[in-house]
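*Asks:* Need a 3D model of the following:
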Amino acid sequence: MSFGKNLIAQSAMSSDPWPVRIFHKIPLLGRGPTSIFSPHATPAHDIDSLSVFVLSITLVIFLIVAGLLLYALVRFRRRPGDSQLEPRQLYGSNQIEIAWTVVPFLIVVVLFLTSARVIGVTERAVKPASALDVVVIGHQFWWEYRYPKYGIITANELHIPVSDPNAPTPTYLTMSSADVVHSFWVPELAGKMDLVPNKVNTMWLDPPKPGLYLGQCAQFCGAEHALMLLRVYVDTPEQFAQWVANQKKAAEQDVSAAEGKKVFEHTACISCHRVSGTVASGQFGPDLTHLASRATIASGVEKNTPDNLRKWIDDPDSMKMGSLMPRMHLNDHELDAVTAYMATLR
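*Replies:* Okay, here's the model as predicted:
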């Protein structure tokens, strides 16, 4: 399958059949940041078309059934003077038996074939040489991203380049879990994909427009499942190159934050977190090398501000119960110092 040709074909909304155009104009099926009816990548376009097709069929079924019920209620209602308690009953109608057996069977076959086609087209997409590989690992309750080509390890905010339909550069995600079953779901870009322990699943994204796309874990994975949020930044080639260059740098060491760095390196923080260029080499928690360059903390729960960062370091459970990050029981002075140090990690 050609990424560019398929994307152009799917994006031609003016050529969509009338049910698709009608459904897209319904406010409840609008263009929200987590709507499957607002596709911005080829897999999402395929899912959007399939969803509208299924909704169209079910709408027709609903109208027929509701119409027949309404007809029966009106046509066979009891009228004044009727002596019979119920209308004349019909038994053994071969025509009716055949109709309500064959028609549903054909509908199920059509739905099965169209669904299988979308799954097949998505699964059989040929990976081009220009594709970017990203390893995604789900944790309770955050996301780890690894870029093997660049030697980058980051967390919670996925950066990928735009994919020009004329020169496709899709992103292929190799996905697994470090603990329980998670599910990666960014509705505007693709369908959900489960992250299962001891199993590797893959999916691909090819958004043609830069921007921020939101999602979250779609599989109940524990107490804070609802706060395991997703942020996918689709960058222009220049923005992505700049981001890569910044991520490949070691953490900048600010002399004014030396005290906070010392406190950080003498707590259990370094057992779970990594900061390149320091003694912190933990693998259990998110990599903090460029923490200050992220827009959010706690997997998208709060904005990355000094106040929120201080609150998070002081008492993680107050912001995200069950985050598996323990309290360090730092005093106010130590909290201020560590927060100031974290704010320099860009």
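*Asks:* Excluding chain neighbours, what is closest to residue 111?
*Replies:* residue 54 (6.3 Å; C-beta to C-beta, 6 or more residues apart in numbering). The C-beta positions use only the backbone N, C-alpha and C, and glycine is treated the same way.
*Asks:* Give me the buried positions along the helix or strand containing that neighbour.
*Replies:* Secondary structure from DSSP states H and E places residue 54 in helix 42-75. The neighbour-count check on helix 42-75 (16 or more other C-beta atoms under 10 Å) flags 42-53, 55-56 as buried.
*Asks:* Remind me what that helix packs against, helices and strands.
*Replies:* Secondary-structure packing of helix 42-75 (3 or more C-beta pairs under 8 Å, 6 or more residues apart in numbering; DSSP states H and E): helix 3-11, helix 18-24, helix 94-123, strand 201-205.
*Asks:* again, only this time at 6 Å
*Replies:* helix 3-11, helix 18-24, helix 94-123 (3 or more C-beta pairs under 6 Å, 6 or more residues apart in numbering; DSSP states H and E).
*Asks:* angle of that helix against helix 94-123?
*Replies:* Per axes from the mean of the first three to the mean of the last three C-alpha atoms, to 10 degrees, the angle that helix 42-75 makes with helix 94-123 is 160 degrees.
*Asks:* avg pLDDT for helix 42-75?
*Replies:* For helix 42-75, the mean per-residue pLDDT is 92.
*Asks:* Any regions of the stretch 1-150 of the chain where pLDDT drops low?
*Replies:* Residue ranges of the stretch 1-150 of the chain with pLDDT under 70: 1-32, 87.
*Asks:* re the thing from before, need the buried residues of helix 42-75 in TSV (columns: distance to residue 305).
*Replies:* Shown next, in TSV, are the buried residues of helix 42-75 (distance: C-beta to C-beta, whole Å):
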residue	distance to residue 305
42	36
43	34
44	32
45	36
46	39
47	36
48	36
49	41
50	41
51	38
52	41
53	45
55	42
56	46
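*Asks:* so which of the residues you listed comes closest to residue 200?
*Replies:* residue 43 (18.3 Å; C-beta to C-beta).
*Asks:* what's the nearest residue to the closest one if we skip its chain neighbours?
*Replies:* residue 190 (3.9 Å).
*Asks:* The chain - how does it break down into domains?
*Replies:* For the chain, automatic domain parsing gives the domain ranges 3-123, 132-246, 255-342.
*Asks:* Out of those domains, indicate the one that is most buried.
*Replies:* domain 132-246 (a mean of 19; mean count of other C-beta atoms under 10 Å).
*Asks:* check contacts around the nearest residue to residue 324 once chain neighbours are set aside.
*Replies:* The spatial neighbour of residue 324 that comes closest, neighbours along the chain excluded (C-beta to C-beta, 6+ apart), is residue 140 at 6.0 Å. Residue 140 makes contact with 179, 222, 324, according to C-beta atoms under 6 Å, 6 or more residues apart in numbering.
*Asks:* so residue 250 makes contact with residue 278?
*Replies:* No. If you go by C-beta atoms under 6 Å, residue 250 and residue 278 don't touch, sitting 8.8 Å apart.
*Asks:* coming back round to it: quick check: phi and psi on the residue nearest to residue 43?
*Replies:* phi -170, psi 170 (degrees, to the nearest 10).
*Asks:* From residue 33, how far out is the closest residue to residue 186 other than its chain neighbours?
*Replies:* Counting by C-beta to C-beta, 6+ apart, the nearest residue to residue 186 once its immediate chain neighbours are dropped is residue 215, at 3.4 Å. Separation of residue 215 from residue 33 (C-beta to C-beta, to the nearest Å) stands at 9 Å.
*Asks:* And the strands in the stretch 101-250 of the chain?
*Replies:* For the stretch 101-250 of the chain, the strands defined by DSSP state E, counting those that start in this stretch cover 132-139, 142-147, 152-155, 157-161, 171-177, 182-185, 193-195, 201-205, 211-217, 229-235.
*Asks:* Residue 64: which of those is closest?
*Replies:* Among the strands of the stretch 101-250 of the chain, the nearest to residue 64 by C-beta to C-beta is strand 182-185 (33.3 Å).
*Asks:* So what are the sheet partners of that closest one and their directions?
*Replies:* strand 193-195 (antiparallel), strand 211-217 (antiparallel) (DSSP bridges).
*Asks:* Now the shortest one: average pLDDT?
*Replies:* Just to be clear, that refers to strand 193-195. Strand 193-195 comes out at a mean pLDDT of 95.
*Asks:* any weak-confidence spans in the stretch 201-346 of the chain?
*Replies:* 251-256.
*Asks:* same thing but at 90, please
*Replies:* By pLDDT under 90, the weakly predicted segments of the stretch 201-346 of the chain are 223-224, 248-262, 264-271, 274, 276-285, 317-330, 343-346.
*Asks:* residues in contact with the residue nearest to residue 170 when sequence neighbours are not counted?
*Replies:* In this structure, residue 170 finds its nearest non-sequential neighbour in residue 206, 3.9 Å apart by C-beta to C-beta, 6+ apart. Contacts for residue 206 (C-beta under 6 Å, 6+ apart) come out as 3, 41, 42, 163, 170.
*Asks:* In terms of distance to residue 242, which of those ranks first?
*Replies:* residue 163 (18.2 Å).
*Asks:* how near is the closest one to residue 247?
*Replies:* Taking C-beta to C-beta, one finds residue 163 at 20 Å from residue 247.
*Asks:* Distance check, the residue nearest to residue 322 when sequence neighbours are not counted against residue 152.
*Replies:* Using C-beta to C-beta, 6+ apart and skipping residues adjacent in sequence, the residue nearest residue 322 is residue 223, 3.9 Å away. To residue 152, residue 223 is 30 Å away according to C-beta to C-beta.
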